[in-house]
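Undergrad: predicted model and sequence follow; I will ask about them next.
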Amino acid sequence: MSITAKELAKQLNLSEAAISMALNNKPGVSTRTRKRVIAAATAAGYDFSRLSPVEETAVPNGTIYFVVYRKHGAVVPDSPVYVHKEHGVAVQDMPFFSQLSEGIDLGCRHCHYYLNVSYIYEDDDIDGLLTEWTRLGAKGILLLGTEMDEHDLKPFMKCGLPVVLIDNYFETANIDCVIINNVQGAFLATEYLIRKKHSQPGYLHSSYMITGFEERSDGFYKAIRRNGMSTSLSIVHRLSPTVEGAYSDMKTLIENGDQLARCYFADNDLIAAGAMRALTEAGYHIPQDISVIGFDDMPMCTYINPPLSTVHVPKQYMGELAVKRLAEIINSNSSDPVKIEINTEIIKRKSC
């Protein structure tokens, strides 16, 4: 019996989404990962006839560029899929980007556009790149702006191509954007902690200034105030937004004897996972002594012991919606910019 995609994902410590993208030659995984998956599938006798045949579509409308903007690299990885081993458990750090890419690819297929994925760094010749893409006939840009500041938008705003900003928003930028409802997600998570633990939640806040994290901060404090609690009494720890960084920072806080809360909302699942590891090593039991809830609903949430409660973000749908909006702009002579927020929901597991 040939191996299934699900079994292949388990064997290679990758998400099923990553396996699907690699086998179907879709963007969203690195070339190295794609070759690794194909080689393993071939060796294990995978039935490639299971793959969906390439559908004949209408004549493509042109090329859309999905631009991943990297600044400090704390949140956006070098490649959309990154996997490492931690204590023998496979942890996929950045599935947000692989699932978002899968949605963008699907959206481009539906709207009949070619997709070109490109990474841009803040010290690149961005004006030159945009000029070249325009010369090559680019129809529009989907800009992943998670790590961007408002001034980083300037080259894209003046390049003359339609642009949809993803995962960021700036009050004074006249640009279309598709974002997560971060305030709502953090509010729901904090409310859940309060109802569950009957205690004022602490906050595992990212030490990196990211717009999305600041919006989550607004949601956290909104829930604190809504429940009649003083925001000044919330215990806040600023941790690096990675598993290893959060673990190291939290370990130092514990060793220094900093006051700990009975429950915490974390800006993302990576921070939550790192903090939980440090707390467990220090002898705390989760959730009996301290409860934790994260944000993003990464695949790693089910590998953590105990499995991590978190805020689910429909990442693939976010990508599809961004393409749909960009196609509307491309096909319209005039279009007023809109801000599209995607709601979230709580996923209840065992960490709180």
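TA: The structure has been received and is ready for your questions.

Undergrad: which residue, neighbours along the chain excluded, lies closest to residue 312?
TA: residue 297 (4.0 Å; Cβ to Cβ, 6 or more residues apart in numbering). Just so you know, the C-beta spots here come from the backbone N, C-alpha and C atoms, and that holds for glycine as well.

Undergrad: ok, the one you found touching residue 309?
TA: No - if you go by Cβ atoms under 8 Å, residue 297 and residue 309 don't touch, sitting 9.7 Å apart.

Undergrad: now for those two: what residues contact both?
TA: residue 347 (Cβ atoms under 8 Å, 6 or more residues apart in numbering).

Undergrad: about what we covered before: OK, contacts around the residue nearest to residue 312?
TA: 269, 310, 311, 312, 313, 347.

Undergrad: pretty sure residue 34 sits in a helix.
TA: Yes - per DSSP: H, G, I helix; E, B strand; the rest coil, residue 34 lies within a helix segment.

Undergrad: list the contacts of it.
TA: 21, 22, 25.

Undergrad: now with 6 Å?
TA: Going by Cβ atoms under 6 Å, 6 or more residues apart in numbering, residue 34 touches residue 22.

Undergrad: before we move on, what about residue 228?
TA: Residue 228 sits next to no residue when contact means Cβ under 6 Å, 6+ apart.

Undergrad: and it, which helix or strand is it part of?
TA: Using DSSP states H and E, residue 228 maps to neither a helix nor a strand.

Undergrad: and the helices in the protein, which stretches?
TA: Assigned by DSSP state H, the chain shows helices spanning 5-12, 16-23, 31-43, 95-111, 126-135, 154-157, 182-197, 211-226, 243-255, 269-281, 315-330.

Undergrad: and of the ones you listed, who's closest to residue 336?
TA: Closest approach to residue 336 among the helices of the chain (Cβ to Cβ): helix 315-330, 10.1 Å.

Undergrad: that older thread, how near is the residue nearest to residue 312 to residue 106?
TA: 19 Å (Cβ to Cβ, to the nearest Å).

Undergrad: now the chain, which segments are flagged as low pLDDT?
TA: Along the chain, segments meeting pLDDT under 70 span 1, 27-31, 50, 52-59, 72-95, 333-334.

Undergrad: grab the most central residue of it for me.
TA: Geometric centre of the chain, nearest residue: residue 96, 3.1 Å, by Cα atoms, centre = their mean.

Undergrad: to what extent is the closest residue in space to that one that isn't next to it in sequence buried, counted in neighbours?
TA: Among residues not flanking residue 96 along the chain, residue 315 sits closest, at 5.6 Å (Cβ to Cβ, 6+ apart). Residue 315 has 24 neighbours, counted by other Cβ atoms under 10 Å.

Undergrad: roughly how far apart are residue 315 and residue 272?
TA: The gap separating residue 315 from residue 272 is 18 Å, by Cβ to Cβ.

Undergrad: equivalent analysis for residue 7, please.
TA: According to Cβ to Cβ, residue 7 stands 28 Å off from residue 272.

Undergrad: who has more neighbours out of these two?
TA: Taking other Cβ under 10 Å, residue 7 and residue 272 do not tie; residue 272 has more neighbours (30 against 13).

Undergrad: pretty sure that one is in contact with residue 264, am I right?
TA: No - using Cβ atoms under 6 Å, residue 272 is not in contact with residue 264, being 7.7 Å away.

Undergrad: overlap in contacts, the two.
TA: Counting by Cβ under 6 Å, 6+ apart, the residues touching both residue 272 and residue 264 are residue 292.

Undergrad: tell me the domain ranges of this structure?
TA: 1-56, 60-180+315-343, 182-312 (automatic domain parsing).

Undergrad: among those, single out whichever gets nearest to residue 351.
TA: domain 182-312 (4.8 Å).
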